[in-house]
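Visitor: Sequence plus predicted model, see below.
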Amino acid sequence: MAETPELIVEHAYDHIAQWYLEWVEGDRSPRERYTRKLLDSLPPSPNILELGCGPGVPVLSMLVDHGAQVTANDISAKQVKMAEARCPRAKFIAGNMTTLTFEAESFHGVLSFYTLFHLPRSQLKDMLVKIYSWLKPGGLFAFNLAGIDEEEIHGEMMGYGMFWSSYGVHENCEMLEEVGFELLEVEKVKASDGNLNEDEPDYDSEFVWVMARKPEVDKRKI
């Protein structure tokens, strides 16, 4: 029986956890900049959800140090254990993000970096609808997506099979607006500003970084 995308991603991140920690600590990425932007725009001690927390650095540590009340999720139980050791004040839920359930309007902010494109793209809109519902009016969603239009990409990460899936930039932006989000910022950035060697994981990759907001008044209900 063929492995599902979910099992491929979970298996890989469980097995590359230590390497991933070392890699992410040295990775140059806009994720810290987007995290700071989100925190600067939210009230003190905000309730925040991080989807794809990895080993707890750099984003989860930044959130906790800022005084945020954080719920953190990752598909890899191994990554979650590593994050728990670093950020014991956060609340953790291991598992596929598509299975999460929260009360409506639970969070001031949601972050999801290098995560959503591991879902089959057919599941993306439903996930965005959930995130929208979990945000308080005026809440912010900071995340990145792949910049390519491919239904299934099967590759390797440190010798383990990996799965990616993505719509193109235009389709992603249209989908976000259909869900109800206001797009505050959309930028394409080459991984590590394009300064990567061919043997590095994100060589020649381009990501789309987005800051979106749930309107104070949901125009779809008027």
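Guide: Sure, I can see it.

Visitor: Give me the neighbour count for Phe143.
Guide: If you count neighbours by other CB atoms under 10 Å, Phe143 ends up with 25. In short, each C-beta sits where N, CA and C put it, glycine included.

Visitor: Kindly apply the preceding question to Gly161 instead.
Guide: Gly161 has 14 nearby residues by other CB under 10 Å.

Visitor: what kind of secondary structure is the residue nearest to it when sequence neighbours are not counted in?
Guide: Among residues not flanking Gly161 along the chain, Ile8 sits closest, at 5.2 Å (CB to CB, 6 or more residues apart in numbering). Under DSSP: H, G, I helix; E, B strand; the rest coil, Ile8 falls in the helix class.

Visitor: List the contacts of Ile8.
Guide: Neighbour list for Ile8: His154, Gly161, Met162, Phe163 [criterion: CB atoms under 8 Å, 6 or more residues apart in numbering].

Visitor: May I see the ChimeraX selection of the buried members of the residues you listed?
Guide: Applying 16 or more other CB atoms under 10 Å to these, the buried members can be selected in ChimeraX as follows:
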select :162,163
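
Visitor: Out of the contacts of Ile8, which sit inside strands?
Guide: Cross-referencing these against strands under DSSP state E gives His154, Gly161, Met162, Phe163.

Visitor: Show me which of those residues is closest to Ala104.
Guide: Nearest to Ala104 among those is Phe163, at 30.4 Å by CB to CB.

Visitor: got the contact list for the closest one?
Guide: Counting by CB under 8 Å, 6+ apart, Phe163 touches Pro5, Ile8, Val9, His118, Glu152, Ile153, His154.
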